[in-house]
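Peer 1: next input, structure requested:
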Amino acid sequence: MHSTKTIHVVSAHAEGEVGDVIVGGVTPPPGETIWEQSRWIAQDGTLRNFVLNEPRGGVFRHVNLLVPPKHPDADAAFIIMEPEDTPPMSGSNSICVSTVLLDSGILPMQEPITEITLEAPGGLVRVRAECRNGKAERIFVQNLPSFAERLDAKLEVEGAGTLTVDTAYGGDSFVIVDAAAMGFSLSPDEAHDIAKLGVRITNAANAALGFHHPENPDWNHFSFCLFAGPVERTAEGLRAGAAVAIQPGKVDRSPTGTALSARMAVLHARGQMTLEDRLTAVSLIGSTFSGRILGTTDVGGRPAILPEISGRAWITGTHQHMLDPSDPWPEGYRLTDTWGAR
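Peer 2: Below you'll find the model as predicted:
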């Protein structure tokens, strides 16, 4: 095999959503902070294209790059690469990264509980892993402070009319719509329509409403649209369906940890969720993330919550991605049949 590049990857998924982890073959990018390193990755594009584009990747794939932490309290750091964004934080990806670090022995595992601190581009996240027989069975992530930005905002969407939406930040930025009001029951057969409409809603929100993180001026757009199901109060706590449309046009297979954090912030802002409540979000494939509010804080003077999310992840394989010097597509390619029109 003739290769000018070999990247070592441990593949994983969190409640159905792919979150591969690069464990070798890539030098840390330049930057004084993990955020600056993530901006370099986003602007350079070479690594993103190599691992996300076809033939090695696809619109379904997220990839995380392990890098040495910058913060003295962190045990490891990671940079998240999603199909269109290189975001501050991701719930499913942090669960995948934690599982890979512990299940593969990169960080030592202690049973029954292992506690580690990860440095995401958006800041430190504390992780508690329930471990048994050498397996991290459930990951609890203390996510970045999350807040509701706008409640009941009006948004014109071509072909859908005037919508009433909420906007929020849960480690990433969301426009949130009522799934039932949009005619969706959040069943698996609706995935295509949710994906396409969700991208249109996200684009409309970016054009008409705009998002600006009060402490991170670099993050100034909406990434996702959350189709939020009705909240039901059960014997086990609050429960709701969730489907997140991801650019350029797919639905998250997991319930999306940052969406769960954003929704908890909205529910708390409305007085519909307290620190005593637990919210379980259910994806289109029936997988679940659980969330609770650990406390309150503020972000740039804006009231915010301290969310904790939890879920499971599994390693699915190991790969060595290579580049033959004669390959005419060294950074891969995208076609609109799966990647959507630009």
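
Peer 1: from G31, how far off is I41?
Peer 2: In this view, I41 and G31 are 9 Å apart by CB to CB, to the nearest Å. Any C-beta I mention is one placed from the backbone N, CA and C, and that applies to glycine too.

Peer 1: swap that for A77, sorry
Peer 2: With CB to CB as the criterion, A77 and G31 are 11 Å apart.

Peer 1: Q142 now?
Peer 2: For Q142, the distance to G31 - CB to CB - is 24 Å.

Peer 1: what do you get for T338?
Peer 2: Distance from T338 to G31, counting by CB to CB: 32 Å.

Peer 1: what do you get for H8?
Peer 2: H8 is 22 Å from G31, by CB to CB.

Peer 1: so those two - more neighbours on which side?
Peer 2: A count of neighbours by other CB atoms under 10 Å puts G31 above the other of H8 and G31, at 17 against 14.

Peer 1: which residues touch R61?
Peer 2: For R61, the contact set (CB atoms under 8 Å, 6 or more residues apart in numbering) comprises 18, 20, 51-52, 83.

Peer 1: where does K196 sit, in terms of helix or strand?
Peer 2: K196 belongs to helix 191-208 when assigned by DSSP states H and E.

Peer 1: brain fart, S310
Peer 2: strand 302-311.

Peer 1: what helices or strands is that strand leaning on?
Peer 2: Applying 3 or more CB pairs under 8 Å, 6 or more residues apart in numbering; DSSP states H and E, one finds that strand 302-311 contacts helix 91-103, strand 135-142, strand 147-157, helix 257-269, strand 288-299.

Peer 1: quick check: angle from the helix holding K196 to strand 147-157?
Peer 2: 100 degrees (axes from the mean of the first three to the mean of the last three CA atoms, to 10 degrees).

Peer 1: pull out the buried positions in helix 191-208.
Peer 2: 191, 194-195, 197-206 (16 or more other CB atoms under 10 Å).

Peer 1: now G58. Nearest residue, chain neighbours left out?
Peer 2: T338 (6.9 Å; CB to CB, 6 or more residues apart in numbering).
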